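Visitor: Need a 3D model of the sequence below.
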Amino acid sequence: MTSDPPMTDYFRNDVRSKRPYIELRWCLEALSNPVRREVQPEDGRVRYWIFVPELRRYLRVVTLPDGITLHNAFPDRRFKS
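Guide: Have a look, this model is predicted:
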C-alpha cells in the first residue's frame, strides 16, 4: 500500500471533491516530468504543467514552495507549450 503524497487541506478537501476526475498519478507525473515549471514570485508556490491525453489539455499542478506538497490542480485552458 502506498501512502498519499503531502497535500494541503485545501487540496485534500476542496480540489479532490470539486475535480474528482483529476488523478493523483497525473499530479505526481507533473512534479517529476513537467513540460514547464515556474515559481510564483508573490508567494513562492511552484506551478507545474503536464499534458494529459485523457483530458486533451494541460493540467496545472501547484505546490507549496517546498515543491512537493500539493495545493491545487486544474485543467489549464490558456496554457501554451
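
Visitor: Now do the phi/psi pair for the residue most central in space within the chain.
Guide: The centroid of the chain falls nearest to residue 61 when counting by CA atoms, centre = their mean (1.8 Å). Residue 61 adopts backbone torsions of phi -120, psi 130, taken as degrees, to the nearest 10.

Visitor: That one bridge partners, please.
Guide: Bridge pairing for residue 61 (DSSP bridges) gives the partners residue 48, residue 73.

Visitor: Contacts only, for it.
Guide: Contact analysis of residue 61 by CB atoms under 8 Å, 6 or more residues apart in numbering lists 26, 27, 30, 31, 47, 48, 49, 50, 70, 72, 73. C-betas here are computed from N, CA, C, even on glycine.

Visitor: Repeat that for residue 46.
Guide: Counting by CB under 8 Å, 6+ apart, residue 46 touches 37, 38, 39, 40, 62, 63, 64, 65, 67.

Visitor: ok, now residue 81?
Guide: Residue 81 sits next to 35, 36, 49, 51, 58 when contact means CB under 8 Å, 6+ apart.

Visitor: do residue 79 as well
Guide: Applying CB under 8 Å, 6+ apart, one finds that residue 79 lies in contact with 36, 49, 57, 58, 60.

Visitor: For the helix ranked longest in the chain, name the packing helices and strands.
Guide: Among the segments of the chain that qualify as a helix by DSSP state H, the longest is helix 24-32. With contacts taken as 3 or more CB pairs under 8 Å, 6 or more residues apart in numbering; DSSP states H and E, helix 24-32 sits against strand 46-52, strand 57-63, strand 70-75.

Visitor: Do me a favour and average the pLDDT over the first one.
Guide: For strand 46-52, mean pLDDT rounds to 98.

Visitor: can you give me the angle that strand makes with strand 57-63?
Guide: 150 degrees (axes from the mean of the first three to the mean of the last three CA atoms, to 10 degrees).

Visitor: remind me which residues of the protein are low pLDDT?
Guide: Along the chain, segments meeting pLDDT under 70 span 1-2.
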